[in-house]
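# Prediction below, plus the sequence it came from.
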Amino acid sequence: MSDLPIGTDEGAQLVSIVDPQTQVEVNITGAGAMQVDGSGVTQPISAASLPLPTGASTSALQTTGNTTLTAISGQLPATLGQKAMAASMSVAIASDQSKVPTTWVNSTTAYQYITGNGTTVVKSGAGVLRRIVKSNGGTVTIYDNTAGSGTIIHTMSGTNPQGTLFYDVPFTTGLTIVTTSGPDLCVVYE
């Protein structure tokens, strides 16, 4: 590429470019400004006077968009991380989501304290034995029945340590506990 010839126009250095098809001449000053009229001054262009297509971005359309974005932003939490239920966002689970494990707490859970020797009918009818808290020695036999006989759910000997035994097993006829050697128990059931 060769240098373009520099001409003069009223003392300013100009580069003239001519379109060979239309013969339109454009002058570029030594300062790199393109002259579009004879003034040599940058000419302002107003988008308001240009013919814009329907739906083109205008100030009114931007205001509408900004209002919508502000409304959406107002529904988002100010910070990330775990929140209390009232401050958290709801999330929809996908329609093809596999089963989500849950824990259900039944409001019908009850308990009975048993001490000493004897036969105690804890509940008649079907239910669930949740756990037994044993605070000292003694033998404990747990029956699925309304008497101290029949189907044995579990037997704890007097040497079983103290603590909580979790069962979460159903019974159908009833829940009866037979104790010997004086254990202290708390039976939790439904």
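Right, received. Where do you want to start? Since the model is a prediction, treat every value here as computed from it, not as a measurement.
# Show me where this protein has its strands.
Secondary structure of the chain (DSSP state E): strands located at 6-9, 12-18, 25-29, 34-35, 110-115, 118-124, 127-134, 139-144, 151-156, 163-171, 174-180, 184-189.
# Mean pLDDT and mean neighbour count added to those strands, as CSV?
In short, each C-beta sits where N, CA and C put it, glycine included. Output for these, formatted as CSV (pLDDT from 0 to 100; neighbours: other Cβ atoms under 10 Å):
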stretch, mean pLDDT, mean neighbour count
strand 6-9, 47, 11
strand 12-18, 70, 14
strand 25-29, 73, 14
strand 34-35, 67, 15
strand 110-115, 94, 14
strand 118-124, 96, 16
strand 127-134, 94, 18
strand 139-144, 95, 21
strand 151-156, 94, 14
strand 163-171, 93, 13
strand 174-180, 95, 20
strand 184-189, 94, 19
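# what sits against residue 157?
residue 139 (Cβ atoms under 8 Å, 6 or more residues apart in numbering).
# at 10 Å instead, please
137, 138, 139, 140, 141, 181 (Cβ atoms under 10 Å, 6 or more residues apart in numbering).
# How about residue 188?
109-112, 122, 128-133, 164, 166-167.
# Out of these, flag the one nearest to residue 20.
Ranked by distance to residue 20 (Cβ to Cβ), the contacts of residue 188 are led by residue 166 at 94.3 Å.
# out of the contacts of residue 157, who's nearest residue 80?
Distances from residue 80 to those, taken by Cβ to Cβ, are shortest for residue 140, at 51.0 Å.
# gap between the closest one and residue 128?
As judged by Cβ to Cβ, to the nearest Å, residue 140 and residue 128 stand 18 Å apart.
# And residue 25, by the same measure?
97 Å.
# And for residue 95?
In terms of Cβ to Cβ, residue 95 sits 33 Å off from residue 128.
# CA atoms of stretch 129-137 as PDB?
Output in PDB follows, covering the C-alpha atoms of stretch 129-137 (Å, rounded to 0.1, in the frame of the first residue of the first chain):
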ATOM      1  CA  LEU A 129     -42.800 -49.200  68.800                       C
ATOM      2  CA  ARG A 130     -40.300 -46.300  68.300                       C
ATOM      3  CA  ARG A 131     -37.800 -46.700  71.100                       C
ATOM      4  CA  ILE A 132     -37.100 -47.800  74.700                       C
ATOM      5  CA  VAL A 133     -34.900 -45.800  77.000                       C
ATOM      6  CA  LYS A 134     -33.500 -48.200  79.700                       C
ATOM      7  CA  SER A 135     -31.900 -46.600  82.700                       C
ATOM      8  CA  ASN A 136     -30.800 -49.600  84.700                       C
ATOM      9  CA  GLY A 137     -30.600 -53.500  84.700                       C
END
